[in-house]
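**Q** Sequence below, structure please.
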Amino acid sequence: MKIVYDGSVELLRFGVGQIKTSLARRGLFYVEQWVSHPPEVPPDEGIVVALSVRKDPPRDEPAAQWEEQAFAIHRRGGVLFIESGDIRGLFYGCLEWAERIGRSRELEDGESIRVAPRLPM
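**A** All right, here's what the predicted structure looks like:
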């Protein structure tokens, strides 16, 4: 698994740390790539996890705006995208994905989830 994210953001480093811990517990290997602006990552061998902050929600909600701290996780081919409108939402997306790894609940190609907090902090 390759994890692509902005390593200069401390909150993201912590969130990715949780993903790495979950992967290690399952005996899965990973590599990291720090970029200042995570791009739309092209499919690669295995799974690429791309973390990015976007102004508009992905895919089926182009007219909607992100709620504060909301995030989406979706898989397209070999790329798993964790996206949000803000850093804190991206952090929560990392925690969600780390938990899903620990429970072996991966997403299938084309599958997605979107979560918005009931009580934003």
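**Q** How about the helix or strand harbouring Lys20, which residues are buried there?
**A** According to DSSP states H and E, Lys20 maps onto helix 10-25. For helix 10-25, burial by neighbour count (16 or more other CB atoms under 10 Å) applies to Leu12, Arg13, Gly15, Val16, Gln18, Ile19, Lys20, Ser22, Leu23. For glycine as for every other residue, the C-beta is placed from the backbone atoms N, C-alpha and C.
**Q** What segments of the protein are strands?
**A** Here the chain has its strands, by DSSP state E, at 2-5, 31-34, 48-53, 71-76, 79-84, 112-115.
**Q** Output those strands as CSV; include the columns mean neighbour count, mean pLDDT and distance to Gly93.
**A** CSV is the format used below for the strands of the chain (neighbours: other CB atoms under 10 Å; pLDDT from 0 to 100; distance: least, CB to CB, whole Å):
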stretch, mean neighbour count, mean pLDDT, distance to Gly93
strand 2-5, 21, 85, 11
strand 31-34, 13, 84, 17
strand 48-53, 21, 74, 7
strand 71-76, 21, 88, 4
strand 79-84, 24, 86, 4
strand 112-115, 16, 90, 8
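**Q** relative to strand 48-53, how tilted is the helix holding Lys20?
**A** 160 degrees (axes from the mean of the first three to the mean of the last three CA atoms, to 10 degrees).
**Q** Which strands or helices does helix 10-25 pack on?
**A** Applying 3 or more CB pairs under 8 Å, 6 or more residues apart in numbering; DSSP states H and E, we find helix 10-25 packed against strand 2-5, strand 48-53, helix 87-102.
**Q** That'll do, ta.
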